[in-house]
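**Q** Any chance you could fold what I've pasted below:
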Amino acid sequence: MNVKLLIGILARPWFIEPTAAADYAGIAADLLRTGAMPAADKRGLYSDRLGLDFGPTFRVNEKGDLQKDGPVQVFRINYPIAKYDYCGDPGSQTMQQLIAAADADPTVKSMVLWLDSPGGQVDGTEALANTVKSAKKPVVSYTDGLLASAAYWIGSSANEVISSGSNNGWNETIGSIGTMAMWMDQSGKYEKEGIKVHTVFATESKDKWGNFFAAQKGDYTRVIQELDGLNETFLNAVKANRAGKIDLQKENVLTGKTYNSKEALKYGLIDRIGTFQYAVKRSLSLYNKQQQANTMAFQKTLTAAKAENFAVVAAGDQVETGGFLVSEEQLNNVEASLEASAQAIQAAETARDAAQAQVTELQGQLTAAQDAATASANELATANARIAELEASAAGFTNTGKQGEEPPAGSTRKEVHPYTAEANRLRALQGLPPIQ
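**A** Here you go, the predicted model:
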């Protein structure tokens, strides 16, 4: 018996659907009684055969048909999820590696998680969910059965969640979002069999197993605190994964309830209802949109390179973070475009400098003209003041005849005041008629 695996399964809390938990508790009891693990499943993880004997991960074409080099990698999780591999099924640690490998494989365009699981161990679930969430390639989750508890956390980390909706939606059970612990108290059995268990601790280890002994006596306070802490992480992850899709005021889907496909769609736990083939097509559609977005983001660079698109390179042994592959010809085109741009910038800067010099010269001319206008205005104001003064002095001054002579009989003549001549000279400068 694999004691390490058994301890891992029985000693930690689970994110699991309750009825499944009860069923597996019976299996655990059998393990404890017989000490025998179930026979290992001999399925290979990477079967080359295109028959029914394929492992938990395989590839399909755009129609969802098995194809060794198909563009879509499928991961089938139709078992309770444990941290480590058991009975031929990959644990969450192994599944992390498989998903990361597919994400780095340049021949894989998208991934589908085919889930039919009641959930699994708390330990390892968050790490697997984060691997799904951080994948650079599109991931679509698909269920045609159970998508519960830990399986839902993992599935909701994908870009989209699709359910088959078979049997009017009742064939699927979705949700059971919560955390639980279950163990068997066999002390009564041992007593009946005459077995007395002695447990002794060191002097300074008085609190060792304290939570367990308290729970055995019916005090679940510390156990519930642990479950609450784990559950908070679970609920926050689901809220983030389904942000803008679930409405807890409309329906609180985080209390452990389960829903059929139609209800799950209504309350935002899933995105669509469709077949496995539809899930495959959706994953490729998301891939195409991703490529278009990448192309649009580098449209100016593509124009400079005289290219329609750049080849995508996934992260792997040769490339750490992934990116785009640019040919030598495309780089030469970009270089030529940069050189042309540099020349255009230099010409523009020369034209700008010449324009600035012209502007400076014109500003000098404008300043001189403004100064001249100011001087003329001042001179005009002085002249107007003098005219007013002369006009005031000449007002009412008249005389008859010529100066020194008697005027003809019956005639009168207005004699020009000596200031009037000066006033008329100034008025002439302004284009005004003389004073009569």
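**Q** When you work out contacts or count neighbours from here on, use the C-alpha atoms and nothing else.
**A** Noted.
**Q** neighbours of residue 194, just the number please.
**A** As a burial measure, residue 194 scores 9 neighbours (other Cα atoms under 10 Å).
**Q** who touches stretch 258-267?
**A** By Cα atoms under 8 Å, 6 or more residues apart in numbering, the residues outside stretch 258-267 that reach it are 148, 163-165, 168-176, 245-247, 250-251, 253, 270-273.
**Q** Going through those residues, which ones are buried?
**A** Restricting the contacts of stretch 258-267 to buried positions leaves 148, 163-165, 169-176, 245-246, 253, 270-273, with burial counted as 16 or more other Cα atoms under 10 Å.
**Q** quick one, helices of this structure?
**A** 3-10, 18-34, 92-104, 125-133, 150-156, 187-192, 210-216, 221-241, 261-266, 276-297, 299-305, 328-394, 418-429 (DSSP state H).
**Q** show me where pLDDT drops low in the stretch 201-350 of the chain?
**A** Across the stretch 201-350 of the chain, the ranges flagged by pLDDT under 70 are 295-297, 309, 311-323.
**Q** Among the buried ones among the contacts of stretch 258-267, name the ones in strands.
**A** 148, 163, 173, 174, 175, 272, 273 (DSSP state E).
**Q** out of these, who's nearest residue 57?
**A** Set against residue 57, the nearest of those by Cα to Cα is residue 163 (19.3 Å).
**Q** Test my guess that that closest one contacts residue 270.
**A** Yes: in this structure, residue 163 is within contact of residue 270 by Cα atoms under 8 Å, at 7.1 Å.
**Q** which non-adjacent residue is nearest residue 69?
**A** Nearest non-adjacent residue to residue 69, counting by Cα to Cα, 6 or more residues apart in numbering: residue 59, 6.5 Å away.
**Q** tell me the contacts of the one you found?
**A** Counting by Cα under 8 Å, 6+ apart, residue 59 touches 66, 67, 68, 69, 70, 71, 72, 73, 74.
**Q** Is the closest residue to residue 138 other than its chain neighbours bridged to anything, and to what?
**A** The shortest distance from residue 138 to any non-neighbouring residue, by Cα to Cα, 6+ apart, is to residue 110 (5.1 Å). For residue 110, the beta-bridge partners under DSSP bridges are residue 72.
**Q** so residue 89 touches residue 57, yeah?
**A** No: using Cα under 8 Å, residue 89 is not in contact with residue 57, being 10.5 Å away.
**Q** For those two, indicate the residue with more neighbours.
**A** Shown here are residue 89 and residue 57; by other Cα under 10 Å, residue 89 has more neighbours (25 against 21).
**Q** Would you quantify the distance from that one to residue 143?
**A** As for residue 89, its distance to residue 143 is 18 Å (criterion: Cα to Cα, to the nearest Å).
**Q** coming back round to it: wait, the residue nearest to residue 138 sits on residue 73?
**A** Yes: counting by Cα under 8 Å, residue 110 touches residue 73, with 6.5 Å between them.
**Q** Would you list the phi and psi of the closest residue to residue 286 other than its chain neighbours?
**A** Using Cα to Cα, 6+ apart and skipping residues adjacent in sequence, the residue nearest residue 286 is residue 138, 6.1 Å away. Main-chain torsions, residue 138, degrees, to the nearest 10: phi -60, psi 140.
**Q** Would you state the predicted confidence (pLDDT) at residue 138?
**A** pLDDT, the model's per-residue confidence, is 96 for residue 138.
**Q** For it, grab the count of nearby residues.
**A** Other residues close to residue 138 by other Cα under 10 Å number 26.
**Q** so who does residue 111 touch?
**A** When contacts are counted by Cα under 8 Å, 6+ apart, residue 111 touches 72, 73, 74, 75, 102, 137, 138, 139, 140, 280, 283.
**Q** swap the cut-off to 6 Å and go again
**A** Counting by Cα atoms under 6 Å, 6 or more residues apart in numbering, residue 111 touches 72, 73, 74, 139.
**Q** Just the closest of those residues to residue 82, please.
**A** Nearest to residue 82 among those, counting by Cα to Cα, is residue 74 at 19.2 Å.
**Q** Does that closest one touch residue 56 like I think?
**A** No: the criterion here is Cα atoms under 6 Å, and residue 74 misses it with residue 56 at 8.0 Å.
**Q** Comparing those two, which shows the higher neighbour count?
**A** Between residue 74 and residue 56, counted using other Cα under 10 Å, the more crowded position is residue 74 (25 against 19).
**Q** Excluding sequence neighbours, find me the nearest residue to that one.
**A** The shortest distance from residue 74 to any non-neighbouring residue, by Cα to Cα, 6+ apart, is to residue 112 (4.8 Å).
**Q** per-domain residue ranges of the chain.
**A** Using automatic domain parsing, the domains assigned to the chain come out as 3-285, 331-429.
**Q** Among those, which comes closest to residue 308?
**A** Nearest of the domains of the chain to residue 308, taken as Cα to Cα: domain 331-429 at 13.0 Å.
**Q** tell me how far the closest one is from the chain's mean position?
**A** Chain-centre distance of domain 331-429: 68 Å, with Cα atoms, centre = their mean, to the nearest Å.
**Q** on that earlier part again, if I pick the residue nearest to residue 138, what's in contact with it?
**A** For residue 110, counting by Cα under 6 Å, 6+ apart, the contacting residues are 72, 137, 138, 283.
**Q** Looking at those, state which has the most neighbours.
**A** Neighbour tally across these (other Cα under 10 Å): the maximum, 28 neighbours, falls on residue 72.
**Q** where's that one relative to residue 157, distance?
**A** Distance of residue 72 to residue 157, given as Cα to Cα: 18 Å.
**Q** Burial check on residue 181, number of neighbours?
**A** By other Cα under 10 Å, 16 other residues sit near residue 181.
**Q** Phi and psi next, for it.
**A** Here is the backbone geometry of residue 181 (degrees, to the nearest 10): phi -140, psi 140.
**Q** pLDDT wise, what is residue 416 at?
**A** On pLDDT, residue 416 comes in at 53.
**Q** now swap in residue 49 and tell me
**A** 37.
**Q** Now for residue 379: which residues touch it?
**A** Counting by Cα under 6 Å, 6+ apart, residue 379 makes contact with nothing.
**Q** Hmm, residue 120 is touching residue 78, no?
**A** No: contact between residue 120 and residue 78 fails when scored by Cα under 6 Å: they sit 11.2 Å apart.
**Q** The two: who's more crowded?
**A** Neighbours per residue (other Cα under 10 Å) separate residue 120 from residue 78, with residue 120 holding more: 27 against 19.
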